Structures are given as C-alpha cells and as structure tokens.
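K.L.:
sequence? don't have it. structure:
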C-alpha cells in the first residue's frame, strides 16, 4: 500500500529506471579457462567503494572474502562467516542469529547489504532476529569500515557488509550451461547444507539464472560448560537441586537446531552498452533461540545490577522463530562513454518479511512484519586526467509492525531520502578524496492503545562528509589520513520502543524526543606490498555527541511509562551522551620460503577497540584485543593451513555486564583442487577449535548462557563447471 508521498516517489524512481532500454552495464572482463571455469582478474577491486578501486587505494579498512578463504570461513550465518576478519566480531546469539559487529558497533550502526541494497529484515531490531541473507549463495563478501561506508547511509558509521551474489547475472557464460554448487557437513551441529546455481545463455546477450539452497542443523555441541563461571557460581549457591544441576551442564546447547531453504531465479540482458536484469527469491528459516538456564530462585529488580541482566533468573525457554521473506531485485547500468559521464547505474529492491516467535506450547507469541523498498541511482564520471567521481540519490522506506506478547514497538514507518557524492583526484604520488551525503529521514508511529495513545512523527536532516589524502612514501607503500563528520537520525526502535522484549530479557524504553547523533572521526592508514609480502594498518578515533545507548535504570522509570504495571524484566532505557571509540586493526602476510612447488606463507591479524560513554564508563559488549596467526603451504592444487586465534579477557565492563574470560583456538584445514586448471572446484577438510575449548564472545547478549561451538570437523565440496 503506497501510503506516503515519499514511498510513491521511490516507486516512481524505480519505475522510471525500469522503463530504460534494455542496455546497461558492460560485463566485467573475465578469463575463461580451458575447462570452462572462470575468474575475475580484478578480484582485489572493491565494488562497494562506489568508485570501483583496488583494495590498497581505499582510505579506510577493507576486507574481501572470496574463493578459498570464503569456502573455509563459510558458516550458516553472515556474522560467523566474517568473524575472523580484521575489525569484525559477531553478536553470536546462538548459532543461528549472528550479525557482524564492526569496530565495536552493531545494530543500527552497521549496514548489511546484498549487492548494495539492504537485507530488508528486522535483525537490527533485536539480536535474536537472524539476518535474511544466506552466505551459501555468496560469490564474495566485501567489508568496508570507516568513513567510506557513510555513502551507503548515515547508519553505516561502523561500516558496511556487502554480500555479492550472481542472481542477476553479470556475464554471458561461454559454455552451454554453467553450474556452481557447494555442499558442507559440519560435526558440531550435525550440519548438512547444500547450494547450487545454474546459468544458461539463451542468446548471445540474454542469460537466465536459477539457484536453490538447503541447510539443516541439530543442537550445537559446545566446548566446556554451558554456563559461564560467574553464572555457575550463582547457580551452585541455589537451594534448588534443578538449578544446581544447571551449573554442571556441558556439551549440547539446547534449542539451537535450524532448518533453512531458499529458491531464486533471475535473468539479465548483457550487451555492449551494458546490462539490465531482475531476480526474485523466497527464503524460509526456522530456528531455535538458546534457552537461558535458571541460575537463581527469584528476580529482584531493586538490587544486584552488578551483572548482566541474563543472570537474574529469567528463562527464554525453547522459543522457535519461523521466518520467511519474498524479495525482488533489479540491477542495471547504461554505458554513456561521454566526456563527463562514463555510466549510469541503478540498483533497487523490495521485500516482504515476516517472522513468528513460537512458544514451547506451539502458540504464536509475537509476529513481526516488515515491508521495505530501497532504490539507488548512481552517475559515474569518466576519468578526466586522474579525476574520478560518482554521485547519486538513494531512497529507502520501511513499514514495521509487531503483534502479540512481545510487541515492544508500535506500528511505524521510516522514509529516507539521500543525496551523495564521492570525488577522487589522483596526482601520482598524492591522492585526494572528498565525500558528502545529505539525508532526510521521517519516522512516524501509529497510535497504539498498549504503547502510545497518540501518533508520533519526527523528521531529521543529516549531513555527513569526509576529506582524505594518501601519499606514496616509497615504492609499494602508501600512508593515508581521513577526517570525517557524520550525523545520524535516531531509529524507530530508539525513539518508540516501550515494552517487554523477551529476546533481550529487558523492558526497552525509547525516547521520542531524541536529537541527532553526531560524531567527528579521524582514521590513519598504512599499506605496503612487495615481492612476497603485504601489510595493512588502520587506526581510528571517533568522538560522539548525542550518542544513543541503552542502560539499566530504576524500574520506576519503566513502570511510569507502562501505566504502573509490575515489571517482568529489568528496565533498560535509551539515553544520549558523549562517547569515544578508538582502536586499530592490522593484517600482514609474508612468504617465508618456496619448497618445490609450494609457497610457505605466514599471516596475521590483530584488532582492538576501546569505547567509553561519558558519565557511564565503558560501553557494553565491546570485543577485547584479538590476535590471529596462520601458516600455510600453498600449491597449485593442494594447500594446507594451520592457525591459532587468541582472544584476550574482557574485564573493562559496564555495571550490568560480567567479565569474559579469554580463550585460544587452534584450527587447521587442507584443500585440494581435483581438476587441473579449474581453481573453483575444491575439496576442503577443516578442523576448528581442535582442542574443544570453552569460548565466549563478549559482544554477545547470551555469552554467559551460550558458548561458541566446540570441536567442529567440516567437509566442504565446491564445484564449478
């Protein structure tokens, strides 16, 4: 239903672009092997950077996950798939709902995209809501951290994760039919998953695509105890035998089984002048949310806020989420090849999302519905003596509704319109860059007898920008500096929340009078590469005013907002204050030796973030210092790798958190390419958490009740013919 002028404007923009002639983006060049497999020789090009550039030319932290690395890292969720990338952690709300955390930012401050357009789910609303993107279908995943990501929206202050697939084909296969497939077995959750896609050229310019995937897992087997040490001590002191038994539980994490399936079809016309294509997909995901084991006989809100709220005796017992989404996507590009404009690009998408939260009795407790549309139009400039640029407009609308016991938000709509530009000047050893984004956001909630008696409406105008410079300091080495200023409008959740939220075990209270969140940021980069080595370092510092965060307050605050009713959960209210985030991420790789046909390489990753909210101390759920190192013997067809990851203790916590112990994991893998000349067909055997250690991510709401996977032996086969 087109209820608002801005929604009609967005639809008109999409319809206008659909009326273009069927001529758009020129296919990226690809090398076709004798066996029919292919690869992109520009695999280090970051397409998410608006102006496609090599990874080393971007003035902020970036990661590209593709090929063998993607196969080795692949997990059922996008958060766990990316968790070993520099500057990335995960929410880890059990094995089925895990969203990426970038530089300590999560939720509203990280945008999750599929081919440049939002995921259109409600994963930003709560950590128990899964992202509606299936990593099994990804060809590559790009992560942008820092100011470059702001061009995708003011909510991307932490960064952008862009999952790129081939549902809308980008090339015409040389073979009569092109097949890609992947299958995985993982022992920790008895995971059985598979995905396959077929591309068929009907003419020399017209390609159709079909893909499907299926995944099923049992309850996750963990390493060590289910409860953390702090929770075990509380449970062991109980007078109830059943609660004492909880302190001794090990192994399987109850209610974590899942079943996911997805089907999609797409087509594209690809000509000399560009391409235009569409796709339609439908996915369904049924998964369990880990239970919070009882650790105390009763709940007392008047004291004992010295620990995270999960320890206070509530149980989130065996709730199952049944999610489904139907989605349509459009992508096109026209090659202008003019003196000023090189091309015009369009990306648009629409989705109808719904999930039901099913109680142990089988009754539906709450239903969440979300209808979203986003369209993005970009004008890419031609290269004029080293001056490159791109400008465009973006429209987004979201209509959200929750009904049932966990309706902590009224029905609401968000409409957002943005204008953006990125300009780059290459002077040889010196490169200059400037970016800006203007964004108008309107949020409105409907009247609700249970939450808000009257409708509420807020409008915000936000302006963000960045200036950067990079300089060659020696052959192969560049140093860069980027200064940014950002503004973000509050989200509907931050403005309008008012109710019990069982997913986070909190009564969440928003503030409809919030102002914009503003920040200054500075980031320095150092990158170098040469014969047999590469190095990358990014250090950043952000100063926020009006930073929006949640904190525990006296129950009387929420009782007053809830008509004086007795509180079921602790009271968590959103507030605004000044805040500081700073940290670094580094990665390096060195070729140690050449032994016959095998290159012996070592690599490492380190990242750290420190966050403080003025007047409240440490920000909650901030990942600690992490070090990860690996050694790999890499041959043309056979490779072997061993790695060690150490995550340090996090004892810098806010007053409602518990500290988290550090842990060390050892992983190993071996991969084999059975078909000579076909690098995309791979058999891989990996062993993760070999010594079955008990590991918990501090950034997880459930870290005291749901540890990470224990020893996990994985066998993966990827085929491309």
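P.N.:
Here it is on my side, so go on. Since the structure is predicted, the reported quantities are computational estimates derived from the model, not experimental observations.

K.L.:
Could you check how far the closest residue to residue 506 other than its chain neighbours is from residue 456?
P.N.:
Nearest non-adjacent residue to residue 506, counting by C-beta to C-beta, 6 or more residues apart in numbering: residue 572, 4.1 Å away. (Glycine included, C-beta is placed from N, CA and C.) To residue 456, residue 572 is 20 Å away according to C-beta to C-beta, to the nearest Å.

K.L.:
So which of those two has more stuff around it?
P.N.:
Between residue 572 and residue 456, counted using other C-beta atoms under 10 Å, residue 572 has the larger neighbour count: 22 against 17.

K.L.:
Quick check: which ranges of the protein have low pLDDT?
P.N.:
Within the chain, the ranges that satisfy pLDDT under 70 run 1-43, 297-317, 449-454, 503.

K.L.:
what's the spatially most central residue of it sitting at in phi/psi?
P.N.:
Geometric centre of the chain, nearest residue: residue 100, 4.0 Å, by C-alpha atoms, centre = their mean. Torsion angles at residue 100 (phi, psi; degrees, to the nearest 10) stand at phi -60, psi 140.

K.L.:
Relative to residue 227, how far out is it?
P.N.:
Residue 100 is 26 Å from residue 227, by C-beta to C-beta.

K.L.:
For the residue nearest to the centre of the chain, give its distance to residue 177.
P.N.:
For residue 100, the distance to residue 177 - C-beta to C-beta - is 35 Å.

K.L.:
repeat for residue 619
P.N.:
Taking C-beta to C-beta as the measure, residue 619 falls 52 Å from residue 177.

K.L.:
neighbour-wise, which of those two wins?
P.N.:
The neighbour comparison of residue 619 against residue 177 (other C-beta under 10 Å) goes to residue 619, with 21 against 11.

K.L.:
Tell me the bridge partners for the closest residue to the more buried one other than its chain neighbours.
P.N.:
Spatially, and ignoring its direct neighbours in sequence, residue 619 is nearest to residue 611 (3.7 Å; C-beta to C-beta, 6+ apart). Residue 611 has these beta-bridge partners by DSSP bridges: residue 581.

K.L.:
Pull the contacting residues for residue 584.
P.N.:
Residues in contact with residue 584 (C-beta atoms under 8 Å, 6 or more residues apart in numbering) are 537, 538, 539, 540, 606, 607, 608.

K.L.:
now, which of those sits nearest residue 396?
P.N.:
The nearest member of these to residue 396, counting by C-beta to C-beta, is residue 540 at 26.4 Å.

K.L.:
any idea which helix or strand comes after whatever helix or strand the closest one lives in?
P.N.:
Assigned by DSSP states H and E, residue 540 falls within strand 533-552. Using DSSP H and E, the helix or strand that follows strand 533-552 in sequence is helix 555-561.

K.L.:
number of nearby residues for residue 176?
P.N.:
Close neighbours of residue 176, defined as other C-beta under 10 Å, add up to 8.

K.L.:
Wasn't it part of a helix?
P.N.:
No. Going by DSSP: H, G, I helix; E, B strand; the rest coil, the assignment for residue 176 is coil, not a helix.

K.L.:
What helix or strand is the residue lying closest to residue 64 once chain neighbours are set aside located in?
P.N.:
Spatial nearest neighbour of residue 64, chain neighbours left out: residue 142 (5.6 Å); criterion: C-beta to C-beta, 6+ apart. Taking DSSP H and E as the definition, one finds residue 142 inside strand 140-145.

K.L.:
Direction included, what does that strand pair against?
P.N.:
Strand 140-145 sits in its sheet next to strand 62-66 (antiparallel), strand 159-164 (antiparallel), going by DSSP bridges.

K.L.:
And for the longest one, what's in contact with it?
P.N.:
Translated: strand 159-164. Outside strand 159-164, the residues that touch it by C-beta under 8 Å, 6+ apart are 47-48, 61, 78, 82, 87, 100, 102-103, 105, 110-116, 133, 135, 138-146, 149, 152.

K.L.:
quick one: which helix or strand includes residue 578?
P.N.:
Using DSSP H and E, residue 578 sits in strand 571-595.

K.L.:
what about residue 674, neighbour count?
P.N.:
Residue 674 has 12 neighbours, counted by other C-beta under 10 Å.

K.L.:
residues in contact with it?
P.N.:
Residues counted as contacts of residue 674 (C-beta under 8 Å, 6+ apart) are 637, 681, 683.

K.L.:
Now list the buried members of the residues you listed.
P.N.:
The neighbour-count test (16 or more other C-beta atoms under 10 Å) marks residue 681 as buried among the contacts of residue 674.

K.L.:
Closest to residue 380 out of the contacts of residue 674?
P.N.:
residue 681 (34.7 Å).

K.L.:
Let me know whether the closest one touches residue 719 as I believe.
P.N.:
Yes. Using C-beta atoms under 8 Å, residue 681 is in contact with residue 719, at 5.2 Å.

K.L.:
Residue 295 is nearest to which of the strands paired with strand 140-145?
P.N.:
Of all the strands paired with strand 140-145, strand 159-164 comes closest under C-beta to C-beta, at 34.3 Å.

K.L.:
Beyond the closest one, next helix or strand please.
P.N.:
Counting by DSSP H and E, what follows strand 159-164 is strand 178-186.

K.L.:
now for that next one, which elements pack on it?
P.N.:
strand 191-201, strand 712-720 (3 or more C-beta pairs under 8 Å, 6 or more residues apart in numbering; DSSP states H and E).

K.L.:
Out of these, which gets nearest to residue 490?
P.N.:
strand 191-201 (37.9 Å).

K.L.:
Run the chain-centre distance for the helix or strand following that closest one.
P.N.:
With elements assigned by DSSP H and E, the helix or strand that comes after strand 191-201 is strand 206-217. Taking the mean of its C-alpha atoms, strand 206-217 sits 21 Å from the chain's own mean (C-alpha atoms, centre = their mean, to the nearest Å).

K.L.:
Could I get the contacting residues of residue 412?
P.N.:
Counted by C-beta under 8 Å, 6+ apart, residue 412 has contacts 399, 400, 443, 444, 445, 446, 492, 496.

K.L.:
Kindly report the same for residue 89.
P.N.:
Shown in contact with residue 89 (C-beta under 8 Å, 6+ apart): 83, 100, 101, 104, 623, 697, 699.

K.L.:
What is the most widely separated pair among those residues?
P.N.:
Across the contacts of residue 89 (C-beta to C-beta), the longest gap, 14.0 Å, separates 83 and 104.

K.L.:
hang on, the earlier thing: most tightly packed of the strands paired with strand 140-145?
P.N.:
Highest mean neighbour count among the strands paired with strand 140-145 (mean count of other C-beta atoms under 10 Å): strand 159-164, with a mean of 26.

K.L.:
Now residue 408. Nearest residue, chain neighbours left out?
P.N.:
residue 499 is the one closest to residue 408 (C-beta to C-beta, 6+ apart), at 3.3 Å.

K.L.:
Likewise for residue 182?
P.N.:
Using C-beta to C-beta, 6+ apart and skipping the chain neighbours, the partner closest in space to residue 182 is residue 718 (4.6 Å).

K.L.:
give the contact list for the one you found.
P.N.:
Residue 718 is in contact with 71, 180, 181, 182, 680, 681, 682, 684, counting by C-beta under 8 Å, 6+ apart.

K.L.:
Nearest to residue 395 among the residues you listed?
P.N.:
Nearest to residue 395 among the contacts of residue 718 is residue 180, at 32.8 Å by C-beta to C-beta.

K.L.:
contacting residues for the closest one?
P.N.:
166, 196, 197, 680, 718, 719, 720.

K.L.:
tell me the two of these that are most distant?
P.N.:
166 and 719 (15.0 Å).
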